[in-house]
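*Asks:* here is my input, please return the structure:
(one chain, ligands or ions: 2)
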Amino acid sequence: MQRTKVKDLLQGAEEGKEVLLKGWVRTKRGNKYVNFIAVNDGSTINNLQVVADEKFSEESLKDITTGAAISVVGQLVASQGKGQAYEVQATSIEVVGKADPETYPLQKKAHSLEFLREIAHLRFRTNTFGAVFRVRNTLAFAVHRFFNEKGFVYMHTPIITASDAEGAGEMFRVTTLDPTNPPLTENGQVDYAEDFFGKATNLTVSGQLEGELAAMAFSDIYTFGPTFRAENSNTTRHLAEFWMIEPEMAFYDLKMNADLAEEFIKYIIRYALEHNREDIEFLGQRLAEEDKSKPQQERQEMTLLEKLEFVVSNDFERVTYTEAIDILVNSNHYKKKKFQYDVSWGVDLQSEHERYLVEKHFKKPVIVTDYPKDIKAFYMRLNDDGKTVAAMDILAPGIGEIVGGSQREERLDLLVERMKAVGIHEEDLWWYLDTRRFGGCPHAGFGLGFERMVQFVTGMGNIRDVIPFPRTPQNAEF
Ligand code: 4AD
Ligand code: MG
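*Replies:* Ligands and ions are numbered 1, 2, ... in the order given. Sure, this is the predicted structure:
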């Protein structure tokens with residue numbers, strides 16, 4: 001007999017037939033005559049109710065406790081009770097894997113997200129994390145679908161690299177040298193010439209540089225892989241290991257880049273709304289519940305669903321960095337000295353500034369362009385004013401920066417000049433510079449932080465709750 005997933009059973013296609021159902025017990029309630037077992041197999045947020053009537057002895061049901069894995073044969077029938085359209089009238093139930101109620105940590109009551117983070121190996125079995133990771137899966141699929149439909153080539157860029165794409169020095173070293181006794185050079189430095197790769201290597205912070213090489217042949221490419229940053233940021237928006245999507249397009253300028261990013265974000269949100277509506281509704285209710293305990297002014301103006309519908313059906317706001325600074329400096333918030341960090345032309349926007357722009361001023365996603373060159377990476381294209389670069393960040397309500405991108409500097413002399421200014425050696429990036437020597441062309445791209453996107457769609461406040469096993473400072477459990 002073939003197993004049917006709960007999601008399909010709940011659609012009733014096999015009504016009246018004998019079915020085989022496998023999954024994990026969420027709850028069991030009942031009495032001497034009848035027991036109701038709620039079973040979930042991860043295919044949907046909804047449980048399937050299994051009815052065990054008096055032919056099942058109490059003894060035979062004693063191991064059917066929360067968390068146990070069971071296999072059920074029975075008839076799929078329209079349910080008499082409320083709450084579900086279909087249920088299974090069991091003819092046999094096998095306990096495949098017991099879960100001792102004395103020690104199984106997930107009991108029926110609601111657990112805090114902090115507690116669940118400590119048992120991340122089991123938290124998939126809760127409604128909240130079931131919903132979050134189904135949405136994450138759908139978003140990942142939608143990413144590939146979007147780019148595939150547009151004829152982009154999916155590129156696998158290296159995880160181990162010798163370069164620092166962002167030039168920010170936030171890298172995890174990769175080495176096989178003995179840390180207690182490394183080979184040393186004459187002047188006492190660790191001699192990486194003797195290391196596995198014959199040079200110092202690290203985990204990649206971004207696949208962009210290699211992505212650019214591929215775009216110079218395929219026109220439009222994207223990467224979707226893990227990236228690593230050894231920044232010591234303990235925030236609700238930073239991970240040491242996160243997934244990034246980085247499209248790179250030849251013959252694109254900044255405006256085309258921004259248009260693509262906006263279309264992309266709307267597409268994947270719309271796809272999740274269409275395919276995971278119940279999960280998103282559940283997560284929305286969870287947020288609304290959480291909101292009730294907050295002071296009035298901190299509560300959300302829109303429900304999660306309303307927010308997502310709003311984002312897909314409205315244009316993103318577009319402003320230059322210079323305009324954004326003017327807005328901030330002229331705000332009442334600024335005049336009342338409510339920002340912790342000062343703002344003036346030339347400073348990097350802090351997350352409080354970004355959030356003011358999106359949440360208070362525009363109340364929608366904002367694309368900020370043309371930042372001062374000194375606060376952005378070396379590869380961004382210098383604008384004619386000589387002070388700003390063709391950069392763009394997309395800021396999202398509740399999240400802040402969700403996308404970072406730019407038009408790239410395709411002019412060899414200007415690129416080399418910029419690298420010199422920030423201390424990047426030409427010899428180390430000879431291959432990158434070759435694309436400017438041979439058939440170079442204007443091109444652009446961006447990076448979307450996948451976990452921040454998942455946070456936006458699920459409404460989860462902490463980035464540790466949208467990746468299965470988060471890597472953050474002082475934490476690499478599981
Ligand atoms: O702005 P970033 O650093 O840009 C790049 O890496 C470029 N190479 C992208 C490109 O143009 N191809 O990072 C891009 C995005 C950020 O906007 C943010 O969403 C996410 O990656 N991000 C992080 N997400 C989680 N944890 C971190 N520590 C992150 N750092 C960046
Ligand atoms: Mg950035």
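
*Asks:* and the helices in the protein, which stretches?
*Replies:* For the chain, the helices defined by DSSP state H cover 6-9, 58-61, 113-118, 127-149, 208-218, 254-275, 277-291, 304-313, 321-329, 332-335, 351-355, 412-422, 430-437, 450-458.

*Asks:* near ligand 1, which residues of the stretch 301-450 of the chain show up?
*Replies:* With Cβ under 6 Å from any ligand atom as the criterion, the stretch 301-450 of the chain comes near ligand 1 at residues E401, I402, V403, G404, G405, S406, G445, F446, G447, G449. (Glycine included, C-beta is placed from N, CA and C.)

*Asks:* buried among those? Make that a PyMOL selection.
*Replies:* Buried residues among these (16 or more other Cβ atoms under 10 Å), as a PyMOL selection:
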select buried, resi 401+402+403+404+405+406+445+446+447+449
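
*Asks:* pLDDT and distance to V50 added to the residues of the stretch 301-450 of the chain next to ligand 1, as JSON lines?
*Replies:* Output for those, formatted as JSON lines (pLDDT from 0 to 100; distance: Cβ to Cβ, whole Å):
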{"residue": "E401", "pLDDT": "96", "distance to V50": "47"}
{"residue": "I402", "pLDDT": "97", "distance to V50": "42"}
{"residue": "V403", "pLDDT": "98", "distance to V50": "45"}
{"residue": "G404", "pLDDT": "98", "distance to V50": "49"}
{"residue": "G405", "pLDDT": "98", "distance to V50": "50"}
{"residue": "S406", "pLDDT": "98", "distance to V50": "55"}
{"residue": "G445", "pLDDT": "98", "distance to V50": "51"}
{"residue": "F446", "pLDDT": "98", "distance to V50": "48"}
{"residue": "G447", "pLDDT": "98", "distance to V50": "46"}
{"residue": "G449", "pLDDT": "98", "distance to V50": "41"}
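
*Asks:* now, which of the residues of the stretch 301-450 of the chain next to ligand 1 lie within strands?
*Replies:* E401, I402, V403, G404, G405, S406, G445, F446, G447, G449 (DSSP state E).

*Asks:* pick the most buried one from the helices of the chain.
*Replies:* Highest mean neighbour count of those: helix 450-458, a mean of 25 (counted as mean count of other Cβ atoms under 10 Å).

*Asks:* quick one, it and strand 400-407 angle?
*Replies:* 130 degrees (axes from the mean of the first three to the mean of the last three Cα atoms, to 10 degrees).

*Asks:* and helix 450-458, how far from the chain's centre?
*Replies:* 5 Å (Cα atoms, centre = their mean, to the nearest Å).

*Asks:* any idea of the mean pLDDT for it?
*Replies:* In this model, helix 450-458 carries a mean pLDDT of 98.

*Asks:* just the CA coordinates for that helix, please, in PDB.
*Replies:* C-alpha atoms of helix 450-458 as PDB (Å, rounded to 0.1, in the frame of the first residue of the first chain):
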ATOM      1  CA  PHE A 450      18.000  35.200   1.600                       C
ATOM      2  CA  GLU A 451      17.300  35.000   5.400                       C
ATOM      3  CA  ARG A 452      16.300  38.600   5.500                       C
ATOM      4  CA  MET A 453      13.900  37.900   2.700                       C
ATOM      5  CA  VAL A 454      12.500  34.900   4.600                       C
ATOM      6  CA  GLN A 455      12.200  37.100   7.700                       C
ATOM      7  CA  PHE A 456      10.200  39.600   5.700                       C
ATOM      8  CA  VAL A 457       7.800  37.100   4.400                       C
ATOM      9  CA  THR A 458       7.300  35.200   7.600                       C
END
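
*Asks:* who are the packing partners of that helix?
*Replies:* helix 127-149, strand 241-250, helix 254-275, helix 277-291, strand 400-407 (3 or more Cβ pairs under 8 Å, 6 or more residues apart in numbering; DSSP states H and E).

*Asks:* in TSV, list the ones you listed along with distance to N47.
*Replies:* Converted to TSV, the helices and strands packed on helix 450-458 look like this (distance: least, Cβ to Cβ, whole Å):
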stretch	distance to N47
helix 127-149	9
strand 241-250	30
helix 254-275	20
helix 277-291	12
strand 400-407	33
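
*Asks:* of all the ones you listed, which one comes closest to A165?
*Replies:* strand 241-250 (9.7 Å; Cβ to Cβ).

*Asks:* and the closest one, how far out from the chain's middle?
*Replies:* 12 Å.

*Asks:* over to stretch 109-118?
*Replies:* On Cα atoms, centre = their mean, the centre of stretch 109-118 falls 20 Å from the chain's centre.
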